[in-house]
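Colleague: what shape does this take:
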Amino acid sequence: MSLMQEINGAGNLMDFLDEPFPDVGTYEDFHTIDWLREKSRDTDRHRKITSKSKESIWEFIKSLLDAWSGWLVMLLIGLLSGPINELNAHWFRQLYYFPLKTLWRSFFAALVAAFTLRSINPFGNNRLVLFYVEYHTPWYMAELVPFILLGVFGGLWGTLFIRCNIAWCRRRKTTRLGKYPVLEVIVVTGITAVLAFPNPYTRRSTSELISELFNDCGALESSQLCDYINNPNMTRPVDDIPDRPAGPGVYSALWQLTLALVFKIVITIFTFGMKIPSGLFIPSMAVGAIAGRIVGIAVEQMAYHHHDWIIFKNWCRPGADCVTPGLYAMVGAAACLGGVTRMTVSLVVIMFELTGGLEYIVPLMAAAVTSKWVADAFGKEGIYEAHIQLNGYPYLDQDEFTHRTLATDVMRPRRNEPPLAVLTQDSTTVEDVETLIKDTDYNGFPVVVSRESERLIGFVQRRDLILNISKTHAHSATLAYDPAHLWGKFQIFVEFKIFVSNQRILVSLSVSLIRRLLGIITKKDVLRHMAHMMNQDPESIMFN
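Modeller: Sure thing, here's the model as predicted:
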């Protein structure tokens, strides 16, 4: 009777079940589970959820989420396990080229390089990164919208840059302009100096410009970007300056940054690819940093003048430091660099290493992924892949080739073509080698036992032949090409390698090579055949 009164007095069965029973479920050395109590607590919990779900739509939605929470967790784990498994498989494939010994050596070399860099202190600020940010202002979920918009801008900029730069480089290769690379460099340098000097943001070096755009405005900053109207009654500390209305210097800087943005976009298109050692990371980051700083100042002023809007009302109070324009410059730099190079994870790591802003990985990742998606919608090739194709480098990607093809369809020579230029083991002389080098432009020649058997011994490269012939002429101009001279004094390096790929196109050739030389398959032949199978013109590929 007293027990029932205690239950009724509690008013809630859950409170009663939470109280421990004396001498039930506990022992001196361990604890046990009271299954009856746990079952009662679970039943009462479901009754409470069911009764609350009838009170309002929101409680009904919460009950559905509670009922499906376990399955939702299992679904998310399954979705995440797939990409992780794919990354692990890709990582294990890459370990073939980077064995454990190489990884340890690389780690030790990186450790020594970091210690040396810290000892030299090249930036003069005791930091290991170039654009280190001093602020750690938190960002808010509502700011993801302008971050994603910067990602869209980065993807569009990457597409525009790749298409215009490739068109200009193709014109340089196919016209007389490419015959005067030194004159082109001098002309472009002169035009750049004349157009860049009037604007203070293009007059300075690009690294200094990016560093200024990344920084936040402190109380002692004298830049035009920090010309805000201060409140004379402000008593906040120096490190916590609230958002303020923009002064005339900020508006003047916005116009100058807009002109600098147009200038950087145009001049980067024409300068990348010239015969000078120039990179792409810093110019692309400069374009994104300028655009990001402009967007950051615009969002900052909107938050100050319209803090009662619904998008600012919940997180930006009057007199608070809500928006950091330097963060927008950082995100814009990552977006533009990602749109050009199509990098995502590695790009975020690079930006973190350059700035040290660990708190801003999520905005950087959102902008980088958005930039890649937008750029991929207009074309899958990044700037480096586009230049590889333009310059005719025989690069085989890891994409699977689904067409079933025999080696005889790809190899050279084909029917009605002259036989292969080969070297025989017993009958080739130095004069024959010199004639073969003079009359052909191949980079290497197969070595066979004889022309009748065509049993393959190896492969000798053209540069090794030229090098050893020059050494041979220093001793005798009439030296015969026999096996003793070939493997002894002549010292020609002969290799026997079978090119193995994940593509079925080369498997038949490897079996034939072991028995008898039928032909040669080069990467250029494979690329031409792949282009032919994908309904492209094989002769349009201009290999160097």
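Colleague: in the stretch 151-300 of the chain, where is pLDDT below threshold?
Modeller: Regions of the stretch 151-300 of the chain meeting the criterion pLDDT under 70 cover residues 218-221, 231-243.
Colleague: mind listing the strands in it by residue range?
Modeller: Counting by DSSP state E, counting those that start in this stretch, one finds no strands in the stretch 151-300 of the chain.
Colleague: helices of that one, start to end?
Modeller: 181-196, 200-203, 206-214, 248-271, 281-305 (DSSP state H, counting those that start in this stretch).
Colleague: looking at those, spot the one closest to residue 138.
Modeller: Comparison of the helices of the stretch 151-300 of the chain against residue 138 by C-beta to C-beta identifies helix 281-305 as nearest, at 14.3 Å. All C-beta spots, glycine's among them, are computed from the backbone N, C-alpha and C.
Colleague: show me what that closest one packs onto, helices and strands only.
Modeller: On a contact count with 3 or more C-beta pairs under 8 Å, 6 or more residues apart in numbering; DSSP states H and E, helix 281-305 meets helix 144-174, helix 206-214, helix 248-271, helix 325-341.
Colleague: quick one: which of those helices is nearest residue 200?
Modeller: Of all the helices and strands packed on helix 281-305, helix 248-271 comes closest under C-beta to C-beta, at 6.7 Å.
Colleague: packing partners for that closest one?
Modeller: helix 144-174, helix 181-196, helix 200-203, helix 281-305.
Colleague: just checking, residue 146 touches residue 297?
Modeller: No: counting by C-beta atoms under 8 Å, residue 146 does not reach residue 297; the two are 11.3 Å apart.
Colleague: nearest to residue 164, of the helices of the stretch 151-300 of the chain?
Modeller: Taking C-beta to C-beta, helix 248-271 is the member of those nearest to residue 164, at 4.7 Å.
Colleague: buried stuff in the closest one?
Modeller: Using 16 or more other C-beta atoms under 10 Å as the test for burial, helix 248-271 gives 250, 253-254, 256-257, 259-261, 263-265, 267-271.
Colleague: likewise for stretch 423-434?
Modeller: Buried-residue list, stretch 423-434, by 16+ other C-beta under 10 Å: 423-425, 428, 430, 433.
Colleague: then stretch 223-233?
Modeller: The neighbour-count check on stretch 223-233 (16+ other C-beta under 10 Å) flags 224-228 as buried.
Colleague: now, which of those residues sits nearest residue 455?
Modeller: For the buried residues of stretch 223-233, the nearest to residue 455 is residue 225 (74.4 Å; C-beta to C-beta).
Colleague: out of the helices of the stretch 151-300 of the chain, which is closest to residue 414?
Modeller: Of those, nearest to residue 414 by C-beta to C-beta is helix 181-196, at 37.9 Å.
Colleague: list of residues touching the closest one?
Modeller: Defining contact as C-beta atoms under 8 Å, 6 or more residues apart in numbering, one finds that helix 181-196 is touched by 172, 177, 202-203, 263, 267, 270-271, 274-276.
Colleague: quick check, nearest of those to residue 467?
Modeller: residue 275 (27.9 Å).
Colleague: show the low-confidence segments of the stretch 301-450 of the chain, by residue range.
Modeller: The model of the stretch 301-450 of the chain has pLDDT under 70 over residues 319-320, 357, 398-401.
Colleague: how about a cut-off of 80?
Modeller: Low-confidence segments of the stretch 301-450 of the chain (pLDDT under 80): 306-308, 310-321, 344-346, 349-350, 352-359, 392-409, 412, 414-416, 425-428.
Colleague: quick one: the strands in it?
Modeller: With DSSP E, counting those that start in this stretch as the criterion, the stretch 301-450 of the chain has strands spanning 423-424, 444-448.
Colleague: which residues touch stretch 272-279?
Modeller: Defining contact as C-beta under 8 Å, 6+ apart, one finds that stretch 272-279 is touched by 165, 168-169, 172, 181-182, 184-185, 188, 271, 280, 283, 383, 387.
Colleague: show me how the record splits the protein into domains.
Modeller: According to automatic domain parsing, the chain comprises the domains 2-54, 98-128, 140-233+243-391, 407-540.
Colleague: from those domains, which stretch is densest packed?
Modeller: Counting by mean count of other C-beta atoms under 10 Å, domain 140-233+243-391 has the highest mean neighbour count of the domains of the chain, with a mean of 18.
Colleague: and the end-to-end length of that domain?
Modeller: Domain 140-233+243-391 has an end-to-end distance of 45 Å (criterion: C-alpha to C-alpha, to the nearest Å).
Colleague: then stretch 164-182?
Modeller: Note: stretch 164-182 ends 22 Å apart using C-alpha to C-alpha.
Colleague: wait, residue 366 sits on residue 147?
Modeller: Yes: using C-beta under 8 Å, residue 366 is in contact with residue 147, at 5.3 Å.
Colleague: distance check, the residue nearest the centre of the chain against residue 149.
Modeller: By C-alpha atoms, centre = their mean, the chain has its centre lying nearest to residue 343, at 2.0 Å. For residue 343, the distance to residue 149 (C-beta to C-beta, to the nearest Å) stands at 20 Å.
Colleague: that older thread, now tabulate the contacts of stretch 272-279 in TSV and tack on distance to residue 138.
Modeller: Output for the contacts of stretch 272-279, formatted as TSV (distance: C-beta to C-beta, whole Å):
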residue	distance to residue 138
165	38
168	43
169	44
172	48
181	50
182	52
184	48
185	46
188	43
271	38
280	32
283	31
383	34
387	40
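Colleague: show me which pair in those is furthest apart.
Modeller: Across the contacts of stretch 272-279 (C-beta to C-beta), the longest gap, 24.1 Å, separates 182 and 383.
Colleague: quick check: residue 394 touching residue 524?
Modeller: Yes: in terms of C-beta under 8 Å, residue 394 counts as a neighbour of residue 524; the distance is 4.8 Å.
Colleague: rewinding a little: could the domains of the chain be laid out in TSV, adding distance to residue 134?
Modeller: Output for the domains of the chain, formatted as TSV (distance: least, C-beta to C-beta, whole Å):
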stretch	distance to residue 134
domain 2-54	49
domain 98-128	10
domain 140-233+243-391	7
domain 407-540	48
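Colleague: out of those, which gets nearest to residue 73?
Modeller: Shortest distance between residue 73 and the domains of the chain, using C-beta to C-beta, is found for domain 2-54: 17.8 Å.
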